[in-house]
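Trainee: below is the sequence, then the predicted model.
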Amino acid sequence: MAITRLTDIITVFDNKWTYGDVMFGYDGEVNQDHDTSYPLMLVNPPESIIPAIYDGREEYAFELNFYNLYSQAAQSVVTLQKRWDDLQDLSNEWLDMVLKNYQDVTVEAYLNDESIEIERIKDTNNDKLVQIKITFTMSAFTKCFRPVSNYPSDFSDLVVWLRADSGITFDIPTKKVSAWADGSGQGNNTAQATSANQPLRNGYGGANDKAYIGFDGISDSVVSDSNSPISSNSFTIFTVAKQNTANVSTFGVFNYKRLNTEINIGFNNNQHSSFITDGFGIAILNTGDSSDYGILASSFDGAGGRLTTSLNGGVSSSSIVAGWDDTITFAGAVFNIGVKYTTAFSDTNIEEIIVYNRVLSDSEKSDVKGYLNLKYKIY
């Protein structure tokens, strides 16, 4: 177990303060709505440094303010110093509980020596309050900056890498996307010139609050600038997407069609779906609830006509296209995003699409899915 982000630390802070309200914000925001339950703990957004990048530590300089009511009537029976002492007792007990949470040696989070300072303040902000201000520096594991992470570009034959957080050309007021650049280095970019058919770029709100491209299910799509780069008879495709409107029909996240040959990675019967046909034989694999974001890994071995898929961390399923002609390739036509062929438009949020020009090994698939899950926290 390890601390990985500021959110994890604040969650512990919140859970251990059981005496009143918790707020993550700034002093001037205290009790703005006049509905605070005291005692109140306010955690100010911290400054931080990473003192040694290979240690993987981040030192957070926290300032926490603890408030309790101190009215004129109370002054005759409770001394000011007693009220401060009581509030400090609560803050000390809270801090002790936080540190006990991190006492396991496998959890790298601790207070820096000589970093705690205490200040006592009275009559602040929007109420008659007493206040204890505590500052301290906490070192926590955030990320090892040694190059140990796996990225899609670490594996050969990457030909398309579309990310909703990168390479997007869009109109700021309308959010309409006119171009979605390929991040694979192969220049397999996509675009949509018709304004009425342009999807929307949202900078947050997707899986793990990441950016996504929203397709309306009516006319939105993007199409590759040039023909599909899958020049072999095999591929591996990863998609991160969800379906917004339930529908038993088949819809595409990634779609390629030339003559009778078609690849469709998307949704079918309200499940995540992988589909391939040569116009005669068909292989289709459906899995999971498509109303939830899913990491779908789909690979096709053109030498044997076998389609293999897995959703999130689940086991793989496979199906063979009967009579598949292993001389068929997938390079003679454009590919579409957000639509099956050019008619079945998907009401979908898409966060990432990754395409390889071969079947990846099981360990390579696991690494790519690991990269996607680390980013989107889906399973």
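Mentor: Structure received. Residues are numbered from 1 along each chain as shown.
Trainee: in space, what's closest to residue 346 - neighbours in sequence excluded?
Mentor: residue 251 (3.9 Å; Cβ to Cβ, 6 or more residues apart in numbering). C-betas here are computed from N, CA, C, even on glycine.
Trainee: now do the buried residues in the helix or strand where that neighbour lies.
Mentor: According to DSSP states H and E, residue 251 maps onto strand 250-258. With burial defined by 16 or more other Cβ atoms under 10 Å, the residues of strand 250-258 counted as buried are 250, 251, 252, 253, 254, 255, 256, 257, 258.
Trainee: ok, which pair from those residues is furthest apart?
Mentor: With Cβ to Cβ as the measure, no two of these lie farther apart than 251 and 258, at 19.3 Å.
Trainee: domains of this structure?
Mentor: What automatic domain parsing lists as the domains of the chain is 6-141, 152-376.
Trainee: pick the most buried one from these.
Mentor: Comparing the domains of the chain by mean neighbour count (mean count of other Cβ atoms under 10 Å), domain 152-376 comes out on top with a mean of 19.
Trainee: give me the distance between the two termini of that domain.
Mentor: Using Cα to Cα, to the nearest Å, one end of domain 152-376 lies 15 Å from the other.
Trainee: likewise stretch 207-223?
Mentor: Stretch 207-223 end-to-end distance (Cα to Cα) = 24 Å.
Trainee: what's the mean pLDDT across it?
Mentor: Throughout stretch 207-223, pLDDT has a mean value of 96.
Trainee: same deal with stretch 183-195?
Mentor: In the prediction, stretch 183-195 has an average pLDDT of 96.
Trainee: kindly report the same for stretch 355-365.
Mentor: Rounded mean pLDDT across stretch 355-365 is 97.
Trainee: so which residues make contact with it?
Mentor: For stretch 355-365, the surrounding residues in contact (Cβ atoms under 8 Å, 6 or more residues apart in numbering) are 155-161, 184, 229-232, 234-238, 254, 297, 299-301, 308, 310, 368.
Trainee: now the residue nearest the centre of the chain: phi and psi?
Mentor: Nearest residue to the geometric centre of the chain (Cα atoms, centre = their mean): residue 376, 2.8 Å. When quoted as degrees, to the nearest 10, the phi and psi of residue 376 stand at phi -110, psi -10.
Trainee: touching, it and residue 293? I think so.
Mentor: Yes. Using Cβ atoms under 8 Å, residue 376 is in contact with residue 293, at 6.7 Å.
Trainee: can you pull out the helices in the stretch 251-379 of the chain?
Mentor: Here the stretch 251-379 of the chain has its helices, by DSSP state H, counting those that start in this stretch, at 362-376.
Trainee: likewise for the stretch 101-250 of the chain?
Mentor: Counting by DSSP H, counting those that start in this stretch, the stretch 101-250 of the chain contains no helices.
Trainee: any weak-confidence spans in it?
Mentor: For the stretch 101-250 of the chain, applying pLDDT under 70 flags the ranges 104-108, 110, 113-115, 119-127, 142-149.
Trainee: that one: strands as residue ranges?
Mentor: Applying DSSP state E, counting those that start in this stretch to the stretch 101-250 of the chain gives strands spanning 109-111, 117-122, 129-141, 158-163, 168-170, 177-180, 190-191, 200-202, 212-216, 222-224, 235-243, 250-258.
Trainee: how about these in TSV, adding distance to residue 50?
Mentor: Shown next, in TSV, are the strands of the stretch 101-250 of the chain (distance: least, Cβ to Cβ, whole Å):
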stretch	distance to residue 50
strand 109-111	15
strand 117-122	22
strand 129-141	10
strand 158-163	25
strand 168-170	29
strand 177-180	33
strand 190-191	36
strand 200-202	30
strand 212-216	29
strand 222-224	38
strand 235-243	29
strand 250-258	37
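Trainee: alright, that wraps it up for me.
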